[in-house]
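1. Okay, here's the prediction I keep looking at, along with the sequence it came from:
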Amino acid sequence: MSLERSRSDDSNLRLVVVIAYILYVIGFALIGLIMAYVKRPDSHHTPWHSHFTFIIRTFWIGLFLAVVGAVTTLIGIGYLILLAVTIWALVRCVVGLLRAIDGKPINNPGTWMV
């Protein structure tokens, strides 16, 4: 019974991870962030824990860089920063989504890169 339940829990966590990445890509990152914070405690010792950490870090780093970009639009460079942040976040989300679909963890969720 516990093996059956753990497979079901694992599938549910995987589904939450995939939905969170999709929400990020379509512009609802805050909802994906909340989902990651709510489900991360349930995901210890699973590959999904690294995904939740990766999702959370992507949001906060992206928000910080977006604020820097917004402030620096006054001198023009901000537009390039905002473009770079957008591309960076999309790449992280797509890579994370593909790894989640394959059932693989994020190798180093603490990094700024992929």
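-> Received the coordinates, thanks.

2. which residues touch Y37?
-> Contacts for Y37 (C-beta atoms under 8 Å, 6 or more residues apart in numbering) come out as F52, I56. Heads up, the C-betas are built off the backbone N, CA and C, glycines and all.

3. and with 7 Å instead?
-> I56 (C-beta atoms under 7 Å, 6 or more residues apart in numbering).

4. Just the buried residues of the host helix or strand of it, please?
-> Assigned by DSSP states H and E, Y37 belongs to helix 29-39. By neighbour count on 16 or more other C-beta atoms under 10 Å, the buried set for helix 29-39 is A29, G32, L33, M35, A36, K39.

5. My guess is the third one contacts F54. True?
-> This means L33. No: L33 is beyond contact range of F54, at 11.7 Å (criterion: C-beta atoms under 7 Å).

6. Where does pLDDT dip in this structure?
-> The chain contains residues with pLDDT under 70 at 1-6.

7. rerun that using 80 as the cut-off
-> The chain contains residues with pLDDT under 80 at 1-8.
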